[in-house]
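Pasting the sequence and the predicted coordinates here, then a few questions.
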Amino acid sequence: MRQILGTNDPTALAFATALLRGEGIDCFEMDVNMSVLEGSVGVLPRRLMVREADHARASVVLSDNGLSPAP
């Protein structure tokens, strides 16, 4: 798995997830439950992960739709 997006904006994560799944790219959101440790302030970013083989294609999908993918 490789990180494709890291953000603390839940709207961007939902948008990115919908875009990737719409293109048939499986993705997984990590660090969702970190809010328990941080006190729900939203300081710690969540990571959206994709398979290594899908990373290049996922980067193009996110870039084409105005999101900045992780390198």
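That came through fine. Numbers count the residues shown, from 1 in each chain.

Tell me how many other residues crowd the residue lying closest to Glu23 once chain neighbours are set aside.
Computed as C-beta to C-beta, 6 or more residues apart in numbering, the closest residue to Glu23 that is not its neighbour in sequence is Val61, at 5.3 Å. For the C-beta atoms, the positions are set from N, CA and C on the backbone; glycine is no exception. Residues near Val61, counting by other C-beta atoms under 10 Å, number 19.

what about Gly6, which SS state?
strand (DSSP: H, G, I helix; E, B strand; the rest coil).

now the helices for the protein?
10-22, 35-38, 55-64 (DSSP state H).

Find the residue ranges of this structure scoring beneath the pLDDT cut-off.
35-42 (pLDDT under 70).

Try it again at 90.
For the chain, applying pLDDT under 90 flags the ranges 8-10, 31-45, 70-71.

which residues touch Ala53?
With contact set as C-beta atoms under 8 Å, 6 or more residues apart in numbering, Ala53 has no partners.

Distance check, it against Ile4.
Ala53 is 12 Å from Ile4, where distance means C-beta to C-beta, to the nearest Å.

Check Asp54 too.
For Asp54 relative to Ile4 (C-beta to C-beta), the value is 8 Å.

Comparing these two, which shows the higher neighbour count?
Counted by other C-beta under 10 Å, Asp54 and Ile4 do not tie: Ile4 has more neighbours, with 24 against 19.

correct me, but the more buried one touches Glu29?
No: with contact defined as C-beta atoms under 8 Å, Ile4 does not reach Glu29; the gap is 10.7 Å.

any common contacting residues for those two?
Common neighbours of Ile4 and Glu29 (C-beta under 8 Å, 6+ apart) are 48-49.

Tell me the bridge partners for the residue positioned nearest the centre of the chain.
Closest residue to the average C-alpha location of the chain: Leu48 at 2.7 Å, with C-alpha atoms, centre = their mean. Beta bridges link Leu48 to Leu5, Glu29, judged by DSSP bridges.

ok, Met34 - contacts?
44, 46.

Equivalent analysis for Arg46, please.
6-8, 10, 13, 29-32, 34.

out of everything not next to it in sequence, what's closest to it?
Arg46 sits nearest to Asp31 (C-beta to C-beta, 6+ apart), 4.8 Å away.
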